[in-house]
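Q: Let's see this in three dimensions:
(2 chains)
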Amino acid sequence: MSWAELLKPFEFEFFRNGIYVATIAGALCGVVGCYVVLRNMSYIGHGLSHSIFGGYAVAGLVGVNLFLGAGLWGVVTALAVGGIVRRRPIGSDAAIGVVTTASFALGLALVQLYGSPGRNADALLFGNVLGVTNSDVLLIVAVAVATAIVVFFFYRPLLFTTFDSQVAAATGIRTAWVDALLMIVLSATVLATMSVMGVTLIAAALVVPAVVARMLTDSFGKMLALSGVIGAVSGFVGMNASYHLDVASGPTIVLTSACFFIVAYVAGGSLRRLTGNVGHAH
Amino acid sequence: MKGDPDTAGGLIVVDDLTVNYAGGAPVLIDVDLTIEPGDLVGVVGPSGSGKSTLLKAMLGTVDAVSGSVRRSPGLSVGLVPQVETIDWNFPVTVAECVGMARARGLRMPWITRAERAEITQVLERLGLAGLANRHIRELSGGQQQRVFLARALFTSAAVIFLDEPTSGLDVRTRHDVLHLLGELNADGLTIVLTTHDLNGIAAHLPTVVCLNRSVIGAGRPDEVLVPDVLERTYGSPMEVLEHGGMRVVVDSPIGSTVTPLRRLGGGGVSA
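A: Presented below is the predicted three-dimensional model:
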């Protein structure tokens, strides 16, 4: 394939939009995913994206703004999961399983009954470069900026609460607020990323870059930065692959980050044999 | 430390405190305890006696069913958790672990130059110089314990609580940790710790609280570490020997008698 062929899709506005969203979404998921992975909450990304699909369908049916409705639905779902876990003796995985799959089932039922609001159901489920609009670009930029502000100013409370919630609470940090803030950021990330990743693959975009970064470093700050970069590169490369291979963008982005995982896994194994000193993924 | 909760001026006053979890059986019953500035207190008792719950109550992270815990206004506290609760695969270096302690208020995400100097000072004070960039998993048990002590000190806490700080440590390291706590206490730090190491606290700590849901005894080791109090605390007979002016507690199997070891050697142990 020549350079001209590689660069050709950049002539199209829809593709440029797709590249912007995929790259920013990759970085965003990479950063947020570090907290998700280190809290052993990998399943929440999966569940939340499914839940938001339900909110999307409900918002379309009742005629409110799709992003606003789905976003609020996601935040309420995330907080509901947290509330159930705090008040009842069941694990977070079980609570996520109950709440989010029920929401997803509701979304599927509504789409079958009344049709998909806004865009087709396949694009929502698997991501589609053709489905990326200017408003998607604006949304992802807004969410990325908001997330960057939150991570910058709440870096230490987020880190302390993620690492050692009990001690953080004992030393005066409002851990319930920190947890709620993270859930809001996560919901916004899932919502803004849905257009390119699709509901079914967002969890991988959250988890894989963070796991790869964890295998490469033992420092939280470096893990956060590395995961963001790996996510961004996966988004950029995956979106290009999506165009040239004519495959949905979600799978190509996830497969690109999976390649990073394989390289890090193999290289890490070799390095461990040489030095006995490599990071451990959760 | 005083058993009388009405004492004025205590940093922390536990007054007739009863605590349970989710409506279950009480974990603490009518506990009275006052922690005063400069105290170095060891709380001992069998597993399930409420030691950790008492720490949590003093830290304000569990609610009382009845009674109260009053803390001096603006009192800053630090907690050194049980090492068993730490996720040793979590990606934090020693400097990051200590630095996260200053998380209240708006702060730069990175450790500032001034903070790094303070962290270096704290690490040197605790014998961890040169380990700032090491991952916490790469340290020895004693060093790991001291990293979390450094994190508590970095909060500028007036009172530091340690939950089982000698758990899983060898005899020498256990001695080093308790000796270090004694030094920090001599510098003015108030310390409360829980432990199963009766002989360690008998040797190193000026004040002991025997707890088994209620306070069974509180005071100097020579007042509290006596067979009657220990039997009521642990529910089984225990013998207390004396060696070189220090108390040594040993299990006493039912029906056995303690050999007066003093007769076996001039500087030996006496019953």
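
Q: so where's the chain uncertain?
A: The chain I'm using is chain A. A:86, A:116-124, A:126-131, A:269-282 (pLDDT under 70).

Q: actually chain B
A: Using pLDDT under 70, chain B drops low at B:1-9, B:252-271.

Q: can you map out the helices along it?
A: Per DSSP state H, chain B carries helices over the ranges B:51-59, B:94-99, B:113-125, B:141-154, B:171-186, B:198-204, B:221-224, B:227-234.

Q: just the stretch 51-200 of chain A next, same as before
A: A:66-87, A:92-114, A:121-126, A:134-153, A:155-163, A:165-170, A:175-197 (DSSP state H, counting those that start in this stretch).

Q: Chain B is nearest to which of those helices?
A: helix A:155-163 (3.3 Å; C-beta to the nearest C-beta). In this view, the C-beta of every residue, glycine as well, is placed from N, C-alpha and C.

Q: how far out from the middle of the chain is that closest one?
A: 19 Å (C-alpha atoms, centre = their mean, to the nearest Å).

Q: What of stretch A:67-82?
A: That offset, for stretch A:67-82, works out to 15 Å (C-alpha atoms, centre = their mean).

Q: returning to what we had before: pick the most deeply packed of the helices of chain B.
A: Most buried of the helices of chain B, by mean neighbour count (mean count of other C-beta atoms under 10 Å in any protein chain shown): helix B:94-99, with a mean of 26.

Q: Any residues of chain B in contact with chain A? List them.
A: B:22, B:56, B:59-61, B:76-79, B:81, B:85-87, B:89-93, B:96-97, B:99-104, B:106-107, B:109-110, B:135, B:137-138, B:155, B:157, B:161 (C-beta under 8 Å from any C-beta of the partner chain).

Q: Please flag which of the residues you listed sit within strands.
A: Members of those lying in strands (criterion: DSSP state E): B:77-79, B:161.

Q: Can you select the buried ones from the residues of chain B next to chain A in PyMOL?
A: The buried subset of the residues of chain B next to chain A, as determined by 16 or more other C-beta atoms under 10 Å in any protein chain shown, is captured in PyMOL by this line:
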select buried, chain B and resi 56+59+77+78+79+81+86+87+90+91+92+93+96+97+99+100+101+102+103+104+107+135+137+155+157+161
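
Q: Nearest to chain B within the stretch 1-150 of chain A, name that residue for me.
A: For the stretch 1-150 of chain A, C-beta to the nearest C-beta, closest residue to chain B: A:Leu38, 6.3 Å.

Q: Now for the residue nearest to that residue when sequence neighbours are not counted: which residues touch it?
A: In space, and not counting its chain neighbours, A:Leu38 is closest to A:Thr162: 5.3 Å by C-beta to C-beta, 6 or more residues apart in numbering or on different chains. The neighbours of A:Thr162, taking C-beta atoms under 8 Å, 6 or more residues apart in numbering or on different chains as the test, are A:35, A:38-39.

Q: for these, which one is nearest A:Phe153?
A: Using C-beta to C-beta, A:Tyr35 is the member of these that lies nearest A:Phe153, at 14.8 Å.

Q: Does the closest one touch A:Leu158 like I think?
A: Yes. Between A:Tyr35 and A:Leu158 there is a contact under C-beta atoms under 8 Å: 6.4 Å.

Q: Mind checking which of the two has more residues around it?
A: Between A:Tyr35 and A:Leu158, A:Leu158 has the larger neighbour count (other C-beta atoms under 10 Å in any protein chain shown), namely 26 against 20.

Q: List phi and psi for B:Pro165.
A: phi -70, psi -20 (degrees, to the nearest 10).

Q: How about B:Gly38?
A: According to degrees, to the nearest 10, B:Gly38 has phi 90, psi 0.

Q: Spatially nearest residue to the residue in the stretch 51-200 of chain B positioned nearest to chain A (excluding sequence neighbours)?
A: Residue nearest to chain A within the stretch 51-200 of chain B: B:Pro109 (3.3 Å; C-beta to the nearest C-beta). Using C-beta to C-beta, 6+ apart and skipping the chain neighbours, the partner closest in space to B:Pro109 is A:Tyr155 (3.3 Å).

Q: circling back to that earlier point, nearest to A:Phe12 among the helices of the stretch 51-200 of chain A would be which one?
A: helix A:134-153 (13.5 Å).

Q: Just the CA atoms from that closest one would do, formatted as CSV, please.
A: This file holds the C-alpha atoms of helix A:134-153, laid out as CSV (Å, rounded to 0.1, in the frame of the first residue of the first chain):
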residue,chain,number,x,y,z
ASN,A,134,-19.1,17.0,14.5
SER,A,135,-21.1,16.8,17.7
ASP,A,136,-19.3,13.6,18.6
VAL,A,137,-16.0,15.4,18.2
LEU,A,138,-17.1,18.3,20.4
LEU,A,139,-18.4,15.8,23.0
ILE,A,140,-15.2,13.8,23.2
VAL,A,141,-13.1,17.0,23.5
ALA,A,142,-15.3,18.4,26.2
VAL,A,143,-15.2,15.1,28.2
ALA,A,144,-11.4,14.8,27.7
VAL,A,145,-10.8,18.3,29.0
ALA,A,146,-13.2,17.8,32.0
THR,A,147,-11.4,14.5,32.7
ALA,A,148,-8.0,16.1,32.5
ILE,A,149,-9.1,18.7,34.9
VAL,A,150,-10.5,16.2,37.4
VAL,A,151,-7.4,13.9,37.2
PHE,A,152,-5.1,16.9,37.6
PHE,A,153,-6.7,18.5,40.6
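
Q: Identify those among the contacts of A:Thr162 that sit within helices.
A: A:35, A:38.

Q: Pick out whichever of the contacts of A:Thr162 sits closest to B:Gly142.
A: Using C-beta to C-beta, the contacts of A:Thr162 come closest to B:Gly142 at A:Leu38, 26.0 Å.

Q: Return the distance of the closest one relative to A:Met223.
A: Noted for A:Leu38: a distance of 8 Å to A:Met223, by C-beta to C-beta, to the nearest Å.

Q: hang on, the earlier thing: so which of the helices of the stretch 51-200 of chain A is nearest A:Gly45?
A: Per C-beta to C-beta, nearest to A:Gly45 of those: helix A:175-197, 6.7 Å.

Q: For the very next helix or strand once past that closest one, name the packing helices and strands.
A: For helix A:175-197, the following helix or strand on the C-terminal side (DSSP states H and E) is helix A:202-216. Secondary structure elements in contact with helix A:202-216, counted by 3 or more C-beta pairs under 8 Å, 6 or more residues apart in numbering or on different chains; DSSP states H and E, are helix A:13-38, helix A:42-62, helix A:175-197, helix A:220-245, helix A:249-275.
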